[in-house]
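>>> Compute the structure for the input listed below.
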Amino acid sequence: MRASGESLSFLDVREPQEWETARIEGATLIPMGVVPATIQAIESKADEASLIVYCHHGVRSLQVVSWLRQQGIACCYSLAGGIDRWSREIDPSVARY
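Residues are numbered from 1 along each chain as shown. Below is the predicted model:
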């Protein structure tokens with residue numbers, strides 16, 4: 001998606017202490033537990049770009065994407081393997097934990 005030039009917005013659904021350890025530059029932190037309360041902000045982001053939702057390994061992000069799609073946000077995707085895989089395959093400068 002990045003290679004094709006598609007506009008992407010990264011949404012990190014981990015907890016703040018995880019965010020402090022490692023994050024994708026430019027991502028927005030919205031912990032999984034507060035996603036429902038911030039649905040309007042997430043919808044606004046989705047209007048501007050495809051949402052790439054991530055967590056540590058991809059489990060929480062899959063749950064969030066499923067819920068977002070039920071709310072009518074179709075252009076959202078879970079980052080397979082989470083930030084751990086991102087660190088291994090895309091940007092090794094991102095710390096692993």
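>>> Can you tell me the SS state at Ile52?
Following DSSP: H, G, I helix; E, B strand; the rest coil, Ile52 is assigned to strand.
>>> ok, now which ones touch it?
1, 8-11, 76-77, 79 (C-beta atoms under 8 Å, 6 or more residues apart in numbering). Placement of C-beta: from N, CA and C, glycine included.
>>> Compare the residues you listed and tell me which is most surrounded.
Highest neighbour count within these: Leu11, with 26 neighbours (other C-beta atoms under 10 Å).
>>> I'd say that one and Gly26 touch.
No: in this structure Leu11 lies outside contact range of Gly26 using C-beta atoms under 8 Å: 10.9 Å.
>>> picking that back up, now the contacts of Ile52 as JSON lines including pLDDT and distance to Val65?
Output for the contacts of Ile52, formatted as JSON lines (pLDDT from 0 to 100; distance: C-beta to C-beta, whole Å):
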{"residue": "Met1", "pLDDT": "74", "distance to Val65": "14"}
{"residue": "Leu8", "pLDDT": "94", "distance to Val65": "14"}
{"residue": "Ser9", "pLDDT": "96", "distance to Val65": "13"}
{"residue": "Phe10", "pLDDT": "97", "distance to Val65": "13"}
{"residue": "Leu11", "pLDDT": "98", "distance to Val65": "9"}
{"residue": "Cys76", "pLDDT": "97", "distance to Val65": "5"}
{"residue": "Tyr77", "pLDDT": "97", "distance to Val65": "6"}
{"residue": "Leu79", "pLDDT": "97", "distance to Val65": "10"}
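>>> Can you read off the pLDDT for Ser4?
Predicted confidence (pLDDT) for Ser4: 76.
>>> again but with Arg88, I slipped
At Arg88, the model reports a pLDDT of 97.
>>> Now do the SS call for it.
helix.
>>> That one and Gln40, how far apart?
Separation of Arg88 from Gln40 (C-beta to C-beta, to the nearest Å) stands at 34 Å.
>>> now do Cys75
16 Å.
>>> Same question for Thr28.
In this structure, Thr28 and Gln40 are 14 Å apart, going by C-beta to C-beta.
>>> same question for stretch 46-64, mean pLDDT?
Averaging pLDDT along stretch 46-64 gives 97.
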